[in-house]
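> Structure for the following, please:
(chains A, B and C, ligands or ions: 2)
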Amino acid sequence: MNVIDITGLCKQFTGKRMTKVDALKGIDLKIAQGEIFGFLGPNGAGKSTTIKCLMGLIRPTAGTAAIMGEQIGSVASRAKIGFLPENPAFYDYLTAEEYLRFVGKTFKMPEALLTRRADETLKQLELWDARKRPMRGYSKGMVQRVGLAQTMIHDPDLYILDEPMSGLDPIGRALVKDIILDLKKRGKSVFFSTHITDDVEKVCDRVGVIVKGQLEALDSVENIVRQGIEGYMVQTRLSRGNHEALGGFAVARTNETFIEYFVPVAGFNEFMALAGQHSVEVTLVETKRKDLESFFLEIVGKGK
Amino acid sequence: MIKTASVTLIGLILYGILILPFTTYLHNKPFVEKLGYVPSVPAFKTIAADQKELVAASLVLKVLIYFGGLVEKSESQLAIPPDYMSMSRLLHGAVKLDPYNMDAYYFAQSFLTWDVKQYKLANDLLDYGMKYRTWDWCLPFFAGFNSAFFLKDYAAAAGYYQRAGELSGSDLSKLLAGRYMQESGQTELAIGYLSAMVKGEHNPALKKNYQIRLTAFQEAHRIEVARDHYRESRGAIPAMIGQLVSGGFLSPPPRDPYGGEFYLEGDGKVATTSKYAFAKVKNKSLKNAGDVNERH
Amino acid sequence: MTTIIGITLKGIFRDRVFQGIMVTACAFVLIPGLATLSMRQVTELSLTLTLSLISFIMLMLSVFLGGTSLWKDIERRYTFSVLGLPLSRQGYLLGRFGGTALFLLLVAVVLGIAAGAVVAFTASVHPPDRPIVWGTVALCILFDVLKYILLIAVAFLISTVSTSFFLPVFGTIATFLAGGVTQQVYEYIHSPASKNLSPIMKQLATGLYYLLPNFSAFDLKVNAIYGLPVPANGLFLTVAYFVVYVGLLLSFSAAIFSRREMR
Ligand SMILES: Nc1ncnc2c1ncn2[C@@H]1O[C@H](COP(=O)(O)OP(=O)(O)OP(=O)(O)O)[C@@H](O)[C@H]1O
Ligand SMILES: [Mg+2]
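Numbers count the residues shown, from 1 in each chain, chains lettered A, B, ... in the order given. Ligands and ions are numbered 1, 2, ... in the order given. Predicted structure coming up:
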């Protein structure tokens, strides 16, 4: 079963003086149970808009979506998820502990479990020492940690996180990555938006790239990485064999002992055959691949 | 740092220079300016929202504090004529806002009659109040006194006194006595009324006011008693008060607390040159004072 | 909903609103002294002043707490986190309203007790002509509470459509003033004095009369101050009016709020 099922989602904002912004132009997306999904996109692409639609904070102009079979906007659709809004803000007169207890109560957690889970999550996110202080006095990163803690307290099956890493220090980022990987191990689903391709590469099963309200790419990280192989860097010894025969291939670099060729995937066999025929000694072969970052940049560039 | 300190210092000095003339100015500001007019009662009612009783009370208090201040001043011979017109206007406005406000009726009664001689206006106001304060014996008591003493409408007075008697129990029974209900009982009627007022009064300014008037009437009554003795023993009415004093009928000689001279009118009626009011007090006509009081 | 009520109350207390009220309530101490300025109705005046002070405090509370509650949540982006929880918008709105109304009631009870003490003290020094009817005083405060709860509901309704701070606050104040005079205006236009008024104006005023809340029915101050009897059927009708009117206001608010975009 899909935990998230989005079909044809459109959102048009009407601003002041009837200016219209098409923030989403027909998004189709399905997230399977147990999947870690990275939602990538440049600023203003529509990531937060999609997430707000899912959470029932705004109503889509067209299209439908369901979370675990429940239509979005209903209370039931929010009953089993942990949601972290973008740049979250919480009742700042409450302490972290009080806020977690409040969240737990809205999820109808039993009292004993609530107390235990509140303590656990506070410790896990290193808020234990600050738990009795009002959140008014928290730093940006601490508030972000409270935001993560309140998604986890009731141990939901699906997490919807809008930029979970923003505002966190490197230790915090690593912590969040660990948490997501741990959730993955426990069969939970995570849908999170980010700009940072590195995070996606490390933790995600699948990634979607949204540009100007349209889903431009949707694939598993594995596929992207595999398809990202552009060719090979082949190093040969200068002193051996006839290099004239390899003149059809681009020379990337030379020095006194080596010549390095860039060989596209399609030309690899031909290159190796030619090298064998003309007794060129191949000393090193290196795969040349685009990383997710350039994959992302390419897609965004295409959209322009 | 030094700059801010010096600016502050200059400010303080300026404040010191200014504050005295400023407060003196405000202190001497005439009454109407101090309070302003009640522009229109419906407008006031709107602004008062659900605080009509509070607004009414504050209007009454303003009048009261103003008047208290004047009484203080008149003690040190600085008699400023009270602006009775504005006072009446404010009190009429007050009872429009809160028709139950006893202070307003009571205070209006205290000056509308003796000082301003607007007996009809006073009784109209009291009639209006009686429609609301149905349990209160004071209003018919005042109205009865006004009818008997000032308006000489004994029938109406009897009706009011009857009502006051019913509401209060026995207190006023002696005031219902027929002998008050005639020309000759006037002084005693006033003394009875004023004694009751003095006894029930907590406000020092008003109490003093009543006390002075009571003293004046008590003096007048003393003259009346002496005059009657004179007539009994000599068989004729004296022409002058001096005759009573020299004849040993009146001792010590009467003194008008209002600073006037008592004299006997042709028919032997006791009167005073002060007309039972301090000199300088203008008895300005109050013809328009009740304008705010549209009749129901 | 009860959790939202709890959070609302906590928020109001943590914002030191209650302490602020207690400071204002220190004015109660001055009332016996002020009341002696009266000539013939010291106790009545002290009742007037205490009841007015309570009313004033409650007016401030309903305007500022009622008018800013939702606005603050939206402005400070609390709605994103809270409405992402499995709470219905209606439940959230009613919880916010309930918490504010409950706080008002609490304040009225505390101030009512203080007022009772102040008035009892004045009455012991200056015995009034007519005994104070304590039941009517309590009833007067209670109906004042109802009135201001109704005003809070008005403030919430305005907040659900407005994105600014000023509209709910000034809208609520305007409604309060208008609601206090509708009865007078109504009586005026149905009296011969309004002959010269155009019929359109009359119809407009009559329409507004039925539309706007009518606060005059809730005003029992005169009855409390002068110990006048209160008609039971009038009270019953007023309570019924309160229930129906607040119910309508809240259902409109809930309908609008659940449709509102949190963007
Ligand atoms: N309330 C709004 N009114 C009008 N336009 C809006 C509103 N909210 C968002 N938009 C527009 O919708 C588009 C998508 O915005 P969205 O917040 O979803 O971007 P995002 O992908 O989350 O960007 P970021 O990475 O900066 O968070 C943008 O063009 C934005 O200008
Ligand atoms: Mg965003």
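
> residues touching the closest residue to residue A:292 other than its chain neighbours, list them.
For residue A:292, ignoring the flanking residues on the chain, the nearest one in space by C-beta to C-beta, 6 or more residues apart in numbering or on different chains is residue A:197 at 4.2 Å. For every residue, glycine as well, the C-beta is placed using N, CA and C. Neighbour list for residue A:197: A:40, A:291, A:292, A:293, A:295, A:296 [criterion: C-beta atoms under 8 Å, 6 or more residues apart in numbering or on different chains].

> if we go to 6 Å?
A:292, A:293, A:296 (C-beta atoms under 6 Å, 6 or more residues apart in numbering or on different chains).

> State the pLDDT value of it.
Looking at residue A:197, its pLDDT stands at 83.

> go on, residue C:252?
So, for residue C:252, pLDDT stands at 92.

> tell me the contacts of it?
residue C:157.

> Check which helix or strand it maps to.
Using DSSP states H and E, residue C:252 sits in helix C:232-259.

> For the contacts of residue A:197, please prepare a markdown table with the additional fields secondary structure, pLDDT and neighbour count.
Below are the contacts of residue A:197 laid out as a markdown table (DSSP: H, G, I helix; E, B strand; the rest coil; pLDDT from 0 to 100; neighbours: other C-beta atoms under 10 Å in any protein chain shown):
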| residue | secondary structure | pLDDT | neighbour count |
| --- | --- | --- | --- |
| A:292 | helix | 75 | 23 |
| A:293 | helix | 77 | 13 |
| A:296 | helix | 79 | 24 |
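
> out of the residues you listed, who's nearest chain B?
residue A:293 (55.4 Å; C-beta to the nearest C-beta).

> Identify the residue nearest that closest one in space, chain neighbours excluded?
residue A:197 (4.5 Å).

> before we move on, back to that, buried stuff in the helix holding residue C:252?
Buried residues in helix C:232-259, counted by 16 or more other C-beta atoms under 10 Å in any protein chain shown: C:235, C:238, C:241, C:242, C:246, C:249, C:250, C:253, C:254, C:256, C:257, C:258.

> same deal with stretch B:267-283?
For stretch B:267-283, using 16+ other C-beta under 10 Å, the buried residues are B:269, B:270, B:272, B:274, B:276, B:277, B:278, B:281.

> from those residues, which single one is nearest ligand 2?
Closest approach to ligand 2 among those (C-beta to the ion): residue B:281, at 81.4 Å.

> Residue C:117: what secondary structure?
Assigned with DSSP: H, G, I helix; E, B strand; the rest coil, residue C:117 falls in the helix class.

> Quick check: it vs residue C:31, distance?
11 Å (C-beta to C-beta, to the nearest Å).

> Settle it for me: which of the two has more neighbours?
Using other C-beta atoms under 10 Å in any protein chain shown, the more surrounded residue of residue C:117 and residue C:31 is residue C:31, with 22 against 12.

> Tell me the confidence at the more buried one?
So residue C:31 comes in at 82 (pLDDT).

> ok, it to residue B:55 distance?
Distance from residue C:31 to residue B:55, by C-beta to C-beta: 16 Å.

> Next secondary structure after the worst-scoring helix or strand of chain C on mean pLDDT?
Within chain C, no helix or strand scores below helix C:31-35, which has a mean of 80 by mean pLDDT, DSSP states H and E. Downstream of helix C:31-35, the first helix or strand assigned by DSSP H and E is helix C:42-75.

> Quick check: closest non-adjacent residue to the residue of the stretch 51-200 of chain C found nearest ligand 2.
Relative to ligand 2, the nearest point of the stretch 51-200 of chain C is residue C:80 (11.5 Å; C-beta to the ion). Residue nearest to residue C:80 in three dimensions, not counting chain neighbours: residue A:85, with 4.0 Å by C-beta to C-beta, 6+ apart.

> Surely that neighbour is in contact with residue C:79?
No - counting by C-beta atoms under 6 Å, residue A:85 stays clear of residue C:79, with 9.4 Å between them.

> Those two: who's more crowded?
Shown here are residue A:85 and residue C:79; by other C-beta under 10 Å, residue A:85 has more neighbours (25 against 20).

> Over to that one: give its phi and psi.
Main-chain dihedrals, residue A:85, degrees, to the nearest 10: phi -70, psi 170.

> What of residue A:275?
Dihedral angles (degrees, to the nearest 10) for residue A:275: phi -60, psi -40.

> contacting residues for it?
residue A:282.

> Equivalent analysis for the one 3 residues further on, please.
Neighbouring residues of residue A:278 by C-beta under 6 Å, 6+ apart: A:241, A:242, A:245.

> Please give the number of neighbouring residues around the last one.
Residues contacting residue A:245 under the criterion other C-beta under 10 Å number 14.

> surely it meets residue A:274?
Yes - counting by C-beta under 6 Å, residue A:274 is a contact partner of residue A:245 at 5.4 Å.

> mind saving the C-alpha coords of stretch A:108-116 as PDB?
Output of stretch A:108-116 as PDB, limited to C-alpha atoms (Å, rounded to 0.1, in the frame of the first residue of the first chain):
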ATOM      1  CA  LYS A 108      -4.200  10.200  22.400                       C
ATOM      2  CA  MET A 109      -1.100   8.600  23.900                       C
ATOM      3  CA  PRO A 110      -1.600   6.800  27.200                       C
ATOM      4  CA  GLU A 111       0.000   8.800  30.100                       C
ATOM      5  CA  ALA A 112       2.700   6.300  31.000                       C
ATOM      6  CA  LEU A 113       3.900   5.900  27.500                       C
ATOM      7  CA  LEU A 114       3.800   9.600  26.900                       C
ATOM      8  CA  THR A 115       6.100  10.300  29.900                       C
ATOM      9  CA  ARG A 116       8.500   7.600  28.700                       C
END
